[in-house]
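Colleague: output the structure for:
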Amino acid sequence: MKLLFDELDLAPLHAMQLPEPNHPRLVQACRLLIESPHLELLKCALLLAVNPKTLRRWFIDDTGMTFGKWRRQAGLQLALEYLARGDSVLDVALATGYANHSAFSAMFCTRLCVSPLEFVMARRR
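Modeller: Just a heads-up that it's a prediction; the model follows:
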């Protein structure tokens, strides 16, 4: 179990890195997603005054990820940063677009194979 937590200490630095876009409008889209992790494709496209299909294509072409996958990865990366700095699990869940602690914890466990609380406790060791 300690090895898993040691690996998780490195995960935010390596495996959780997001591909950074080069396209200027896509950079704007990514900033919007970091500021509002729950933002949907249609709303993001509307804010950028671009066709949703175009935005979807930009994500795949420039980052190698779909809009949804990039958004989820960005949300998880933010969550790891917030938990590491000491924010409560509920605050992190709400800040990353989840309606409640349970939904966030389920996603976290699915993606990282540990609960948010286990992650926090391991970081304190």
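
Colleague: every contact and neighbour count from this point should use C-alpha atoms.
Modeller: Noted.

Colleague: helices of the protein, start to end?
Modeller: 2-10, 24-35, 41-48, 52-63, 67-84, 89-95, 101-112, 116-124 (DSSP state H).

Colleague: between the ones you listed, which gets the lowest average pLDDT?
Modeller: Ranked by mean pLDDT, these end with helix 2-10 at the bottom, a mean of 52.

Colleague: on that earlier part again, distance to residue 17 and mean neighbour count added to the helices of the chain, as TSV?
Modeller: Output for those, formatted as TSV (distance: least, CA to CA, whole Å; neighbours: other CA atoms under 10 Å):
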stretch	distance to residue 17	mean neighbour count
helix 2-10	11	13
helix 24-35	13	16
helix 41-48	21	15
helix 52-63	12	16
helix 67-84	8	19
helix 89-95	19	19
helix 101-112	14	15
helix 116-124	18	16
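
Colleague: which one of those lies nearest to residue 18?
Modeller: Closest to residue 18 of the helices of the chain, according to CA to CA: helix 67-84, at 6.9 Å.

Colleague: picking up where we left off before, want to throw the helices of the chain into JSON lines with distance to residue 18?
Modeller: Formatted as JSON lines, these follow (distance: least, CA to CA, whole Å):
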{"stretch": "helix 2-10", "distance to residue 18": "15"}
{"stretch": "helix 24-35", "distance to residue 18": "10"}
{"stretch": "helix 41-48", "distance to residue 18": "18"}
{"stretch": "helix 52-63", "distance to residue 18": "8"}
{"stretch": "helix 67-84", "distance to residue 18": "7"}
{"stretch": "helix 89-95", "distance to residue 18": "19"}
{"stretch": "helix 101-112", "distance to residue 18": "15"}
{"stretch": "helix 116-124", "distance to residue 18": "20"}
